[in-house]
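Predicted structure and sequence below. I'll ask about it afterward.
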Amino acid sequence: MQRIMHNFALLPLAAFLALMPAAAQAQSGSFTVAQHGNSVGTASFNFASTPSGYDSTSYVRVAMKGFNYALSKTEQLNRASQFLHVQLSATVNGSAVSVTGATDSAQILLNISANGHSTTTRLDSHPGAVFLPDFDPGALETLLAVAVTNNNRGLWAIIPKQAGSIAPIQLATHADEQGTLEGKPIVVHHLVATIAGASTDLFSGPENQLLQAELPQQGFALVRNGFVLSPPTKPGPPPVQPPDQTTPAQAPPAPTPPAQAPPAQ
């Protein structure tokens with residue numbers, strides 16, 4: 001590894017990352033799910049090399065008043081971190097959801113099942129497509145890897161909500177910021193991903209590893225354990241709620257079942 005680093009020490013970061021196996025830059029990560037700075041759950045991902053690419057697994061647990069969400073995802077990617085197959089199981093406030101997806105010729109085939117109802121949808125396939133469930137740090141890690149390979153262009157989100165859809169991702173680069181990881185200073189790259197009009201702030205480290213994500217749902221964030229952004233991006237207090245309100249303001253839309261099933265929020 002030292003020899004590799006020596007040979008490429010003078011290359012720009014993006015070029016260096018493009019020469020490495022995309023998903024191998026961060027093999028695993030554990031995160032806190034927070035709302036307005038308060039912990040409400042956990043999330044994690046892991047990448048394992050296979051002869052043809054990578055196996056990616058993700059787990060998410062969120063438990064708060066009015067919103068309980070659990071996700072388990074297993075995904076297969078090729079050597080360029082491009083989508084091949086996914087199996088997802090989730091519960092949203094007690095309602096079970098399952099999703100399977102795979103590339104099929106020039107299309108992506110999605111099967112979504114919830115509350116006894118199933119839908120099958122065919123979506124246009126794109127080399128830069130990323131399967132993006134809510135609160136999934138492994139999906140965002142894959143997005144960072146595919147963005148490097150595609151020079152931040154030609155990116156698409158496979159969205160496992162309702163019957164399933166695909167939407168373009170606009171990725172904008174912002175000025176670098178600072179933070180600490182395990183108490184040590186670290187340069188933080190800042191990207192903003194816009195999907196269907198909603199923006200997600202992504203903060204990554206020098207090795208393109210996901211450090212933090214400010215999610216489009218109100219006040220929610222994924223923060224890698226041991227990472228602190230300096231200064232915090234959104235330190236505001238929790239929203240004020242009426243005394244008789246029993247659910248969080250704008251509870252986040254998790255992987256929503258088909259239209260027949262109750263919505264997450």
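Noted; the coordinates are in hand.

part of a helix, is residue 145?
Yes: according to DSSP: H, G, I helix; E, B strand; the rest coil, residue 145 belongs to a helix.

Need the residues that contact the longest strand anywhere in the chain.
For the chain, the strand reaching the highest residue count under DSSP state E is reported as strand 165-181. Identification of contacts with strand 165-181 by C-beta atoms under 8 Å, 6 or more residues apart in numbering yields 108, 121, 123-124, 126, 129-130, 143, 147, 152, 155-159, 185-196, 203, 205, 211, 224, 226-230. For the C-beta atoms, the positions are set from N, CA and C on the backbone; glycine is no exception.

Past it, which element shows up next along the chain?
strand 184-195 (DSSP states H and E).

which other residues reach that following strand?
With C-beta under 8 Å, 6+ apart as the contact definition, strand 184-195 has outside contacts at 132, 143-144, 147, 152, 155, 157, 159, 167-180, 199-206, 208, 211, 227, 229.

Other residues contacting stretch 27-38?
39-48, 60-62, 64, 135, 137, 141, 209-210, 218-225, 232, 234-239, 248.

Hmm, I typed the wrong one, I wanted stretch 106-119.
By C-beta under 8 Å, 6+ apart, stretch 106-119 touches 83, 95-103, 120-125, 129, 158, 160, 162-164, 166, 257-258, 260-262.

So for it, mean pLDDT?
Mean pLDDT, stretch 106-119: 92.

And it, what's buried?
Within stretch 106-119, the residues scored as buried using 16 or more other C-beta atoms under 10 Å are 108-110, 112-114, 119.

ok, residue 206 - how many residues close by?
15 (other C-beta atoms under 10 Å).

let me fix that: residue 156
22.

Equivalent analysis for the one 5 residues further on, please.
For residue 161, the count of nearby residues is 20 (other C-beta under 10 Å).

just residue 222 next, same as before
So residue 222, with other C-beta under 10 Å, has 26 neighbours.

How much space separates it from residue 231?
Noted for residue 222: a distance of 18 Å to residue 231, by C-beta to C-beta, to the nearest Å.

one step back: centre of the chain to the longest strand of the chain, how far?
Averaging C-alpha positions (C-alpha atoms, centre = their mean, to the nearest Å) puts strand 165-181 12 Å from its chain's average.

Quick check: buried residues in it?
Here strand 165-181 shows 166-167, 169, 171, 179, 181 as buried, counting by 16+ other C-beta under 10 Å.

show me the contacts for residue 123.
107-110, 158, 164-166.

Over to residue 182?
Neighbours of residue 182 in contact, by C-beta under 8 Å, 6+ apart: residue 226.

Retrieve the pLDDT associated with it.
For residue 182, the pLDDT comes out at 96.

in the sheet, who's paired with residue 227?
residue 181 (DSSP bridges).

tell me the phi and psi of residue 55?
phi -100, psi 130 (degrees, to the nearest 10).

For burial, what's the neighbour tally of the closest residue to it other than its chain neighbours?
Spatial nearest neighbour of residue 55, chain neighbours left out: residue 48 (4.7 Å); criterion: C-beta to C-beta, 6 or more residues apart in numbering. Residues near residue 48, counting by other C-beta under 10 Å, number 12.
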